[in-house]
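**Q** Return a 3D structure for these sequence lines:
(one chain, ligands or ions: 1)
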Amino acid sequence: MIRPKTALFCTLHCVAAYNCAMSGRLTPQTESPLHVVHAVCSHDCPDSCAVLVSVDADGRAQKVAGDPDHPVTRGFLCGKVARYLDRVYSPDRLLYPMRRRASVAKGPLPAGHEAESFERISWDEALDTIAHQLAVITSEHGPESVLPYSYAGTIGVLGYGSMDRRFFHRLGASQLDRTICATAGGDAILSVYGRKLGTDTEQFHRARLIIAWGANIHGNSVHLWPQIEAARRAGARLIVIDPYQTRTAKLADWHIAIHPGTDVALALGMMHVIFTEGLEDRAYIDQHTVGAKELSDRAAEYTPERVAAWTGMTAEEVRALAREYATAKPAAIRLNYGIQRSENGGTAARAVCMLPLLTGAWKDLGGGLQLSTSGAFRFNTRTLERPDLMYASPLGRAARIVNMSLLGHALTELSDPPVKALFVYNSNPAAIAPNQNTVLRGMARPDLFTVVHEQFWTDTADYADIVLPATTFLEHADLQGAYGHYYVQLSDQAIAPVGEARSNVWLFGQLGQRIGFSEACFRDTEQELLAQALPDPKQDEALETHPQMHGITLDQLRAQHSVRLRWAGEPDVPFQPFANGGFGTPSGKGELFSAALAAQGLDPLPSFKPPKESRHSAGSAYPLEFLPRKADNYMNSTFANLAPHQKMESAHTGRLEIHPDDAGRRGIQEGDAVEVFNDRGRIRLVAQVHTGVPAGVVASRLNWNKLSPGGSNVNALTSERLTDIGRGPTFYSTLVEVARVAPSPHG
Ligand code: SF4
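**A** Coordinates of the predicted model:
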């Protein structure tokens, strides 16, 4: 649907007045020097909110607000972004290029005093230094000795991957396999459906049963919450499946706290009940799936009694859950990426994704499953990223691929060639990468040339040779899809860059020219890249599979800012993925048995293999399952340095949540200083004893190292073991022990 932006309230030529009428919060342009710019929140969140930025006559942003006219944003922003201008204009912003002083070794710097270890340099000098260093390193060690490291610090199309990729491709740098967040679940859903599509967020209000499976909706996709509230007002039930009592779990009708890493077993147990009690939708299965017989045979092994033993549920609870799920209509599952950060996480996501295929839940508007909607969007990544430039590099071939979840290994053990230059942007690996002590040992290498393009002095910037100031989403233009709704949006630049901050597009274009790349694409401007980003129907065959992107133009986005994808080629048609097929798998059907996985030597059917690091593994010296959770009020490591966010998070900062039984066994009381440890590291925390974590499980939240007691965060304990599918990290398969720290005799 193309949103009728003007039909109800005003005419298109009076956008500011329209916004004023809708929100009652923004001042009309005609009465005040404030004008309103349409931006899009580019933080790594499914909601991709439409943001209205009020800017004064001096070019300073005065207010941000959610666009009341956007059907998903609905006029509000989450608590993380509601006071975003405090972040944009924070006195702690990085404002200038900086170079490490020769006398200062790489490593943690005291918060608030980092700049003392660096000296300010001009952009010219910074670009010259980087170009020179990269030229020396690539000529001595080969271009693959350069490793870019980036992820979703911005999810704007240009900021996430465009000129940066051109630069590293042309250089011949190692390619980065961006696995840190979602590849296990992404590959899983693709193995079943062939397309990353899901239940439309705007239809969840129709559901009569919503299962939030590993999804803290109230904390992390807050714009789905009004839909759930509406559904519940109409009688829907909310079930939360999560080992931890999240904010969402506290609000649920039924919170099922299964043991970590046992989601596969539970999904198979539900299938067992569905098949044995004849609750499946046989007509849908016959028409739209392959492999039901094989899956049914596999599920037969997973009796509720066996599943109960693994998950910590009772057998009757397994049966009750399966019956309720199979008989409620519509039934929607909101799955989130937490469940795939386990050793068996790919299989877990696969198994859960199969459930609506068995019950035919896709047929009901408001039913089905949502993990991600990102597969609906088609941007012209080949033109933006130019992978062909690798063949113009000194390599003359595709460069090697380095898995970002194995950064510690890459920096300390990789050879032929070793990594000699690390270029970090859109990420904070010193805080977020697993097996942190190895990562930091690698980053501290004096022979590693490190560039960090950042907005603040992160843990990673402490290890940089050169620090470069980066723009926020208010300071550059971009285009954005979403992984929690079906709108393409244009984000206009609202304000000039703060200080000397520069966008990724500017940085890598300048660097490409400085290093001597003659290709014209390094001179493309942001506006030219925006024009290239939308697919050209005449040249892009892949648009065949994305007809919903047909006809969306930059001019249309400039006028309307946000455009709903055109399902069935028509406006106002509700989107019901997989209700009548539409699978992108090799068979053209929902694949309950995956021949493609079998060809890779993997199990074509889901089966439960307990993680090696779990309560089901024998002989570990570390008996407690550790959940290194994301903080509710931060976005991974973003926002952790800001006082308002720290205040919102203060009840949890530096805490270890532990069940009274586990605390009692260790002589630990509320407020005691504790040490959490395993073979990989140890961290200091304060015990918070309560039953929101089950017995046998302990939890703590991600923070910056430099803001954590002892200078290490939860990733000092996590491993570089990879998921079964998708080669992602296994943060939630981590065993630890906890000990009370004896008070010092000196107080
Ligand atoms: S972080 Fe998410 S919910 Fe918050 S403003 Fe950005 S897109 Fe919206």
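**Q** CA atoms for contacts and neighbours, from now on please.
**A** Noted.
**Q** What residue in the stretch 601-747 of the chain comes nearest to the ligand?
**A** residue 635 (7.2 Å; C-alpha to the nearest ligand atom).
**Q** and that residue, bridged to which residues?
**A** Bridge pairing for residue 635 (DSSP bridges) gives the partners residue 638.
**Q** So it is in contact with residue 44, correct?
**A** Yes: between residue 635 and residue 44 there is a contact under C-alpha atoms under 8 Å: 7.2 Å.
**Q** ok, the residue of the stretch 601-747 of the chain closest to the ligand to residue 81 distance?
**A** 10 Å (C-alpha to C-alpha, to the nearest Å).
**Q** got it, and residue 123?
**A** Distance from residue 123 to residue 81, by C-alpha to C-alpha: 30 Å.
**Q** So for these two, which residue has more residues nearby?
**A** Ranked by neighbour count (other C-alpha atoms under 10 Å), residue 123 and residue 81 place residue 81 first, with 23 against 19.
**Q** Next to the ligand in this structure, residues from the chain, please.
**A** Residues of the chain lying near the ligand by C-alpha under 6 Å from any ligand atom: 41, 43, 45, 47-49, 77-78, 80-81, 222.
**Q** between those, which is nearest residue 393?
**A** residue 43 (32.4 Å; C-alpha to C-alpha).
**Q** For the closest one, the count of nearby residues, please.
**A** Using other C-alpha under 10 Å, residue 43 has 20 other residues around it.
**Q** and it, helix, strand or coil?
**A** coil (DSSP: H, G, I helix; E, B strand; the rest coil).
**Q** Pull the contacting residues for residue 723.
**A** For residue 723, the contact set (C-alpha atoms under 8 Å, 6 or more residues apart in numbering) comprises 184, 340-346, 729-730.
**Q** ok so, going back, now for the residue of the stretch 601-747 of the chain closest to the ligand, how many residues are close by?
**A** Residue 635 has 18 neighbouring residues, counting by other C-alpha under 10 Å.
**Q** swap in residue 253?
**A** 13.
**Q** and the gap between residue 138 and residue 442?
**A** For residue 138, the distance to residue 442 - C-alpha to C-alpha - is 19 Å.
**Q** ok, now residue 168?
**A** 21 Å.
**Q** can you check residue 498 too?
**A** Distance from residue 498 to residue 442, by C-alpha to C-alpha: 32 Å.
**Q** swap in residue 583?
**A** 43 Å.
**Q** next structured bit after the lengthiest strand in the chain?
**A** Longest among the strand segments of the chain by residue count, using DSSP state E, is strand 681-689. Scanning forward in sequence from strand 681-689 by DSSP states H and E, the next helix or strand is strand 697-701.
**Q** just checking, what packs against that following strand?
**A** strand 624-629, strand 655-658 (3 or more C-alpha pairs under 8 Å, 6 or more residues apart in numbering; DSSP states H and E).
**Q** Any chance of CSV for those, columns mean pLDDT?
**A** Below are the helices and strands packed on strand 697-701 laid out as CSV (pLDDT from 0 to 100):
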stretch, mean pLDDT
strand 624-629, 97
strand 655-658, 98
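**Q** Buried deepest among the ones you listed, which one?
**A** strand 655-658 (a mean of 26; mean count of other C-alpha atoms under 10 Å).
**Q** next helix or strand past that strand?
**A** helix 660-665.
**Q** Show me the contact partners of that following helix.
**A** So helix 660-665 is in contact with 669, 689-691, 695-696, going by C-alpha under 8 Å, 6+ apart.
**Q** try 6 Å this time
**A** If you take C-alpha atoms under 6 Å, 6 or more residues apart in numbering as the criterion, helix 660-665 is touched by 689-690.
**Q** What about residue 441, how many residues nearby?
**A** Using other C-alpha under 10 Å: residue 441 sits among 13 other residues.
**Q** lowest average confidence, helix or strand, in this protein?
**A** When each helix and strand of the chain is scored by mean pLDDT, DSSP states H and E, helix 15-23 comes last, with a mean of 31.
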